[in-house]
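Below is the sequence, then the predicted model.
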Amino acid sequence: MVASGTDSDVGTVTDSQRKIIETVPKPREILLVKAGPGSGKTLTMARRIVHLVEQHNIKPEEILVLSMTNRAVGMLKSTLCSISHEESANQINISTFHSFCSRLLEEYGPPYDDAYTKIRLLDDMSWRSFSTIFSAKSISLGGATINGNLTAAKLDKLLSSIKVGELTITEAAQKSNVSEEYLKELIHYLDRNGMKRYSDFITDAIKLMNTSLKGDSSKWIHELANYKIIIVDEFQDMHNSLLKIVKRVVSYPCYDGTTKHLTIAGDPNQCIYEFLGSNPDLFNDIHKEFPDFSLNEQHIHETFRLTPEVLKVSAEVILKPNGLLTEIHKEIKSVKPDGGKPVLYARDTPLEEYDFIASEISRLILQSGGLFSFSDFTILLRSNKEVNDVADHLNEYYGIKCNKLGQSTNWVTSKVHLFLDILNLISEKYGSEFCLMCILMIMDDKPMAKGRISKLFNALQTIDNSEPKYLMNYILQDLKDPKEKNKGSDSNGIFSSIYKLPDHSLTTSYLTKFLEGISKERELLSHNQNPQLIMESLLRIVSSGNLLEHLNTPTSYSLSPSKSSKIDMIENHRSNLDINISSFYNSLISSHKTYLAGNTEKDFISHFLRTYSEDVPVFRSDMVNVSTVHTAKGLEFPVVFIPGSNNHYIADWSSLFQDDNIKIDPVKARLFYVACTRTKHFLYVGSRDRLKSLSSSMNEFFTESLPDLTSPDSHHKSILSNLSLELDRKLPSTQKISLGTSLYSKFYQNSKVVPNTTQVAFARELHINRQLVCSGAMLLHSGRKLFHHVTKL
Ligand SMILES: Nc1ncnc2c1ncn2[C@@H]1O[C@H](COP(=O)(O)OP(=O)(O)OP(=O)(O)O)[C@@H](O)[C@H]1O
């Protein structure tokens, strides 16, 4: 039942939401909120927070909210701002686990351990460079050459096992037959420079919390002892190390001697991160994790997103046959009007399937008179490779522009990562000399470059390196006056003795110019830092020396055999480079917005260097969304396609639609459940088999008839009015709708519908498919033009 919502504190919520919102936050109790897809968990948590502050006298700084993704954090923050005063909403600490841990280490770490004064996130790309630089057959150490015998992958594995405590340094050295001293040096180097991986943040934060409790209460971490309420959203995704954080924070003592209250929310059937260690049974076993806490379990009984028909498919076709139908999923009711059965379509080849998707998109846009826009459509796939392939294909053959969700930070793993190394040097962050080594590797294009870098690293272990900028200053001094190398401190001249002139004059001159550029741009950016100025500085820096050439050259260019494939490679690389540079710039812009909205960092570059990898999807009305199911989690869209017609190429969901005696597959079922519950209105499922050849019960849930927006009877007319209400958009004029409809039919009649191609010989099949593709492309191309025409009316 939807409540009328007269209470100004609680607002328009259902009875079950209201009960959760108003539950008294008892100490040493867990409020366990289990709720299905689209039940408004985010809104319920936001309203609970407001209620706690306004009705239970809880101060905003006594509440900590932890979530898995930056997107979930953003959604909760914006919901909170919309229902309460922005000022008090901003006082509540809502963080992702990683940003909570890294901030804890930076803010509270130094009094306990000096090591916490310098923390730098080592992303995958830098970690790879680290492993590459320090892996070799022979390694320099203490002036001698020792047997290294390490590939980059092997070193990566070794260091990771040491860091997570699976192997001691001695065991790792014995296992891989390398010098223990060398491994020690590398670990020491990472520690000394505060170079941490994400997993280190979690382990170190737990260590810090434990250490802080060793003294009396005056030594406790103030912020943690102050929290009375901990709220964790998307609890089904919790994996072991994150659960450890929750347990540590919840059991952290309070100054007033009470125990904290924990509210957790989630849907056990949306647990799709088992490969990272999350466990769908955690919800049921929660008492084992918190044995001293009492449990108060509550459910939300409604879904605001799913139509009754989609809800039925999710419960009866997906959950029930796979043994996943629980009380919550049985109880849940849709508050929405009927929306028609989901469509199950079968096509023989991927091309036919794309043609169908492209035609449906154009049909719905046209027949709705432009009520739908391209970004209302989302295609959900299982892997990033499928996302890329489908997006490229739709773009190339049908002219559909695609927004690949979750890939807006792809630049992080491209050559554009160089910009991050430069920004680290500009801001003189700890560990920035490692960035300088990475850049030196690019500048030194002579054979044995890696050997020289590791020699430099080894030699540098002996000099005073307590300052983050020591390497840069040191090299500058050495470059300026190499004659001085035998004077002054012992360390003088190391660089020029490794990069000897004249052999390395080019590298030396590149490096000199580069370092001068860094000093100059640092000075300029010390007055004002905004995305445009930063971008200009970066472009000026890379324009000198060979960095621009490095950016412009594809990675495996020199290995490519023929001239024509080299040209293709360059073209492909340049267009990707364009995309990556503009997405880097977009990341700067969106990070700048969050920086201006209030943060703790002293300057914008520091803020950016901490948050650059956090991806918040941006929707573009002229682009269809293409995404993996994992990335689309937590999102909702008006129309969802889940391709699956061809099992050679696209994820094969077909076993889910077979009779119950087919093997139960809960992992696949949960993934499909997340996918199909992203839709607010229409759901299209691709299948290898026609509906009539599936078990007869499937007719009850699916249809092969496409949603009809144009039928003149009142029922169908109401589909468009309902859509306009739900999309919160004005219903297009009758003139627009009939124009779109007639243009669509005119075109549709002209396009040739190709018969089933399975029996046609391979060549002919290709030919026919090609025709089909062309007709699809023309259809959409005209659709696009018509769409603009219709919307202009
Ligand atoms: N009481 C309510 N009245 C009307 N709409 C609501 C109410 N509560 C939530 N909604 C709407 O329901 C939709 C789904 O909410 P939300 O995204 O929070 O669901 P969720 O439970 O987090 O779903 P999922 O687990 O699938 O991510 C949103 O559009 C939200 O605005």
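Happy to help now that I have it.

where does Ile83 sit relative to Thr42, distance-wise?
Going from Ile83 to Thr42 by Cβ to Cβ, to the nearest Å gives 11 Å. Every residue, glycine included, has its C-beta placed from N, CA and C.

Give me the contact list for stretch 331-341.
The contact list for stretch 331-341, computed with Cβ atoms under 8 Å, 6 or more residues apart in numbering, reads 2, 14, 35-36, 39, 299-311, 315, 681-682, 701-703, 707, 719, 722, 726.

at 6 Å what do you get?
Under the criterion Cβ atoms under 6 Å, 6 or more residues apart in numbering, residues 2, 36, 301-304, 306-309, 311, 681, 702-703, 707 lie in contact with stretch 331-341.

Could you find the lowest-pLDDT member of those residues?
Least confident of the contacts of stretch 331-341 in the model: Val2, at 35.

more neighbours, Ile83 and Thr42?
Legend: neighbour count by other Cβ atoms under 10 Å for Ile83 and Thr42, higher for Thr42 (19 against 16).

Going by proximity to the ligand, name the top residue of the stretch 251-400 of the chain.
Residue nearest to the ligand within the stretch 251-400 of the chain: Phe304 (3.2 Å; Cβ to the nearest ligand atom).

quick one: contacts for that residue?
Listed by Cβ under 6 Å, 6+ apart, the contact partners of Phe304 are 38, 40, 335.

among the residues you listed, who's most crowded?
Gly38 leads the contacts of Phe304 on contacts (other Cβ under 10 Å) with 24 neighbours.

Quick check, the residue in the protein closest to the ligand?
Relative to the ligand, the nearest point of the chain is Gly40 (2.4 Å; Cβ to the nearest ligand atom).

Show the pLDDT at that residue.
Residue-level confidence at Gly40 comes out at 93, pLDDT.

Identify the residue nearest Cys254 in space, chain neighbours excluded?
Ranked by Cβ to Cβ, 6 or more residues apart in numbering and with sequence neighbours excluded, the top spatial neighbour of Cys254 is Ala225, at 5.9 Å.

Can you tell me what sits against whichever strand or helix holds that neighbour?
Counting by DSSP states H and E, the secondary-structure element that holds Ala225 is helix 222-226. Helix 222-226 is contacted from outside by 62, 252, 254-255, using Cβ under 6 Å, 6+ apart.

which of the residues you listed are buried?
The neighbour-count test (16 or more other Cβ atoms under 10 Å) applied to these identifies 62, 252, 254 as buried.

Distance of the last one relative to Pro111?
Taking Cβ to Cβ as the measure, Cys254 and Pro111 are separated by 21 Å.

in the lengthiest helix in the chain, what's buried?
Counting by DSSP state H, the longest helix found in the chain is helix 563-596. Within helix 563-596, the residues that count as buried by 16+ other Cβ under 10 Å are 569, 573, 576-577, 579-581, 583-585, 587-588, 590-592, 594-595.

near the ligand too, which of those residues?
Of the residues in the buried residues of helix 563-596, proximity to the ligand by Cβ under 6 Å from any ligand atom holds for none.

how about the residues of the stretch 101-250 of the chain that lie near the ligand?
Nowhere does the stretch 101-250 of the chain come near the ligand, counting by Cβ under 6 Å from any ligand atom.
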